[in-house]
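> can't give you the sequence, but here's the structure:
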């Protein structure tokens, strides 16, 4: 269930010698990381609270039994991880079978009306995720839907149907104490964008029907693999190129230093579109400070080859691409046709998944080999064996681990987001708070 | 029903003198544009084929009567326009009430299985859009769904349920002749990404329930406004800054020249997300060549303020933002709460739409005014009065017109896409065609 980083389509752009020279920076970053605050996520897969985990499972079972839909309120790191996992697994098959509606993540009236319309005639629970309880979109959405819940079920039953993840102090926690809602406490040492393996992610993911034991096992696989041998007295990352997560951090930093400004995360499976949205927050918010960082963008292929493909092939040489390649996506055999009107019989008997994968390899070649400097758009390929709870757990942990190393190599704090205060202050001023 | 370009949040970055100096370039671009091939879209709103338009309306009525869902096959410019309009108007309210399923736009097995599952027990029609009929994703999807259609309805009825838009020659046209499917001929002088006002866009949009007369009227409003006075002997664009579409082209080119590499299209309405996808293809494919062009990215606010907001505020100073501001998005009054536990009563009685708009203005201020050079991320604001068939028609024409001028100012051909051949050749080689 591992994950591999295939560097074939970037090796012409970043040399072995450059990787070797930069490897000690990754080792230093890992040493530094282990001494930082806000790293509760780092060894979480090996030490998470088993009793709390059981409570999540029980609550998920209760919601699946007593409701038709879960409304999950939260924004940024308080919803993107859950949305990514639920989308990946619900769209991919039978793993996820219970509807989770994400709300409280915009101020759009149209969106709110859609949520309210979707709840007509449905039994629902509310799950609110907010550390402080003062985040505008989530607290407003919660106020509106809480009133709806009470209107529908009365005070007492509404109380039972409200489940909160929040800090141990603050506005939302005060409300919990006053109202008697059931609550999970979010760890102080894990920030929103690293929180998918806490109850913020786990409860909605479990409600959707995904096996969260497998999901955590995937993260544990990744943690065991990337931390290396803790007892050896080395940095723990292993030898040069032996650690996929560190290698990804090193390569993208080297590309940035060579003048690349934008990293595009590409996948050939539309069900992974929200994994890309989660990735954008993780890397954008962790690295985009002090004038630094690769701009994180995403595309869905082959679809967007007919949209951004031209730009990526022939536009400015300031991009790199990271491609998620999924091994097993299910079998569908391309049918033959008697008179071959469309000229596609040469594909008959092959699987659609094979054709998709050939397109992926052809595009990696085309995008990476047209430049005189060894690449117009160098490609890294992340090879995921399949889309399953375990492999997605591994993938998300891989990115968290890489991201923290990458930000530290860049010389920024992976865990703060000082820039968002600028707009927040102006919003509250305009709103007259 | 017009559209305004508010430049308040970019004026500190691009001066009046710079705009004035560049205006003649836009005028020259417009003169040149009128002499080019592939400009059939330019005056289309004023001269489109009324008989064909009536056929579209009749066929849409037939599909709505005889089916539960329309499956619309196409990729790139052969679906993004329709998807953008249908999404914008179906999510925004009652304008669009009939389901249109877009397919044939990826090689994902998961996606194909979703489409097949969605058709279980539903009556459907197929609408295929492909100029040549050899585009891999669409022709494969069509083969698979055509067999499904015949299996379900038999040869004769399947024939009636297949409607094609294609060139007057080529593989798909040959199939049309052989099979007797009903067909619309795509104009030779309009490329895919400029085709939303042809039958490629109009049929699925009409089937969805959107009033395509209003949609075309919006485009006609825009064409009348941006072409200026044709009889005056001037360029037709009007005086400096008097033409919003030309001003957008001028400003983004000036930003590019000042070292900006990326343009982010932002909207505060999730229903406009596919308008952004359509815009990315339009600008990316028209401009991204010869090493030139702004990279087109998109965000959905306020959602992504909690994701990419940090990067945009504090990351590298190489971006500009274009924000779609919608005037009327419907009324929802924020309710009061007796004991004000969440501290939001200061907003009670205000509308949610007002709060969303205050956030938009606050963010434009915050993103545009933090730099010493007059802007970390300069903002242009496109003010759309509402989301309606007419205003969306205006908006899409605005972008087409601007894009053609902008590409010509950049010195590239707005209508070709030579770079996509590189990957296509490699894909077909790998597939063994």
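Sure thing, it's come through. All values reported here derive from a predicted model rather than from experimental measurement. Numbers count the residues shown, from 1 in each chain, chains lettered A, B, ... in the order given.

> Any buried residues in stretch A:40-51, and which?
For stretch A:40-51, burial by neighbour count (16 or more other Cβ atoms under 10 Å in any protein chain shown) applies to A:40, A:41, A:42, A:44, A:45, A:48. Just so you know, the C-beta spots here come from the backbone N, C-alpha and C atoms, and that holds for glycine as well.

> Name the SS class of residue A:365, please.
Following DSSP: H, G, I helix; E, B strand; the rest coil, residue A:365 is assigned to helix.

> quick one, what contacts it?
Contacts for residue A:365 (Cβ atoms under 8 Å, 6 or more residues apart in numbering or on different chains) come out as A:9, B:426.

> Go again with 10 Å.
Contact analysis of residue A:365 by Cβ atoms under 10 Å, 6 or more residues apart in numbering or on different chains lists A:8, A:9, A:379, B:422, B:423, B:426, B:427, B:429, B:430.

> Closest one of those residues to residue B:275?
Closest approach between the contacts of residue A:365 and residue B:275, by Cβ to Cβ: residue B:423, at 26.2 Å.

> Just checking the helix or strand where the closest one lies against chain A, any contact.
Per DSSP states H and E, residue B:423 falls inside helix B:420-431. Yes - contact of helix B:420-431 with chain A (Cβ under 10 Å from any Cβ of the partner chain) involves B:420, B:421, B:422, B:423, B:424, B:425, B:426, B:427, B:428, B:429, B:430, B:431.

> wait, doesn't residue A:19 sit right on residue A:241?
Yes - between residue A:19 and residue A:241 a contact is recorded at 6.4 Å, counting by Cβ atoms under 10 Å.

> hang on, the earlier thing: how about the helix holding residue B:423: buried residues?
B:420, B:422, B:423, B:424, B:426, B:427, B:428, B:430, B:431.

> that older thread, anything in contact with each of residue A:19 and residue A:241?
Common contacts of residue A:19 and residue A:241 (Cβ under 10 Å, 6+ apart): A:7, A:247, A:250, A:251.

> Just those residues: which are in helices?
Judged by DSSP state H, those include A:247, A:250, A:251 as members of helices.

> Look at the first one and report its pLDDT.
Which is residue A:247. Confidence at residue A:247, expressed as pLDDT, is 98.

> quick one: it and chain B, what's the gap?
The gap separating residue A:247 from chain B is 23 Å, by Cβ to the nearest Cβ, to the nearest Å.

> residues contacting that residue?
A:5, A:7, A:19, A:23, A:26, A:237, A:238, A:240, A:241, A:380, A:402.

> before we move on, what about the last one?
The contact partners of residue A:251, taken as Cβ under 10 Å, 6+ apart, are A:5, A:7, A:10-11, A:13-14, A:18-19, A:22, A:241, A:320, A:322, A:378, A:380, A:402, A:406.

> which of those residues count as buried?
For the contacts of residue A:251, a burial check counting by 16+ other Cβ under 10 Å picks out A:5, A:7, A:10-11, A:13-14, A:19, A:22, A:241, A:320, A:322, A:378, A:380, A:402, A:406.

> ok, how many other residues are close to the closest residue to chain B within the stretch 1-150 of chain A?
Minimum separation of the stretch 1-150 of chain A from chain B (Cβ to the nearest Cβ) falls at residue A:76, amounting to 2.9 Å. Neighbourhood size, residue A:76 [other Cβ atoms under 10 Å in any protein chain shown]: 28.

> Show the contacting residues for it.
Counted by Cβ under 10 Å, 6+ apart, residue A:76 has contacts A:105, A:129-130, A:135, A:137-138, A:191-193, A:195, A:281, A:285, A:417, A:420, B:303-307, B:309-310.

> Which ones among those residues map onto helices?
Going by DSSP H, the helices hold A:137, A:138, A:281, A:285, A:420, B:309, B:310 from those.

> Hmm, which of those is lowest in pLDDT?
residue A:420 (89).

> quick one: it and residue B:302 touch, right?
No - contact between residue A:420 and residue B:302 fails when scored by Cβ under 10 Å: they sit 11.1 Å apart.

> Now do the shared contacts for these two.
With contacts taken as Cβ under 10 Å, 6+ apart, residue A:420 and residue B:302 have residue B:309 as neighbours in common.

> Output the contacts of residue A:365 as TSV; include the columns distance to residue A:88 and pLDDT.
TSV is the format used below for the contacts of residue A:365 (distance: Cβ to Cβ, whole Å; pLDDT from 0 to 100):
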residue	distance to residue A:88	pLDDT
A:8	25	96
A:9	24	95
A:379	22	96
B:422	30	86
B:423	26	91
B:426	28	94
B:427	25	96
B:429	31	96
B:430	26	97
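
> ok, those residues vs residue B:115, which is closest?
Minimum separation from residue B:115 among the contacts of residue A:365 (Cβ to Cβ) is found for residue B:427, which lies at 21.9 Å.

> Show the low-confidence segments of the stretch 301-433 of chain A, by residue range.
Scanning the stretch 301-433 of chain A with the threshold set as pLDDT under 70 gives A:370-375.

> Those residues of the stretch 101-250 of chain A touching chain B, which are they?
Residues of the stretch 101-250 of chain A lying close to chain B by Cβ under 10 Å from any Cβ are A:102, A:105-114, A:116, A:130, A:133-144, A:146-148, A:171-172, A:174-175, A:178-179, A:192-193.

> For residue A:321, what is the enclosing helix or strand?
strand A:319-328.

> Now do the buried residues in that strand.
Residues A:319, A:320, A:321, A:322, A:323, A:324, A:325, A:326 are the ones in strand A:319-328 that count as buried (16+ other Cβ under 10 Å).

> contacting residues around the residue lying farthest from the centre of chain A?
Ranked by distance from the centre of chain A (Cα atoms, centre = their mean), the top residue is residue A:339, with 45.8 Å. Contact analysis of residue A:339 by Cβ under 10 Å, 6+ apart lists A:345, B:175, B:178.

> which residues touch the closest residue to residue A:152 other than its chain neighbours?
Among residues not flanking residue A:152 along the chain, residue A:158 sits closest, at 7.5 Å (Cβ to Cβ, 6 or more residues apart in numbering or on different chains). The contact partners of residue A:158, by Cβ under 10 Å, 6+ apart, come to A:125, A:126, A:146, A:147, A:148, A:149, A:150, A:151, A:152, A:179, A:181.

> and those, which of them are in strands?
A:125, A:126 (DSSP state E).

> Mind checking which of the contacts of residue A:158 are buried?
Neighbour-count burial (16+ other Cβ under 10 Å) applied to the contacts of residue A:158 gives A:125, A:126, A:146, A:148, A:149, A:150, A:181.

> Was I right to think the last one contacts residue A:174?
No - Residue A:181 is beyond contact range of residue A:174, at 11.4 Å (criterion: Cβ under 10 Å).

> okay, and the common contacts of these two?
Shared contacts of residue A:181 and residue A:174 (Cβ under 10 Å, 6+ apart): residue A:166.

> for the residue sitting nearest the centre point of chain A, what are its contacts?
In chain A, the residue lying closest to the centroid (Cα atoms, centre = their mean) is residue A:278, at 3.4 Å. By Cβ under 10 Å, 6+ apart, the contact list for residue A:278 reads A:77, A:79-85, A:87-88, A:193, A:196, A:201, A:272, A:396, A:399, B:307.
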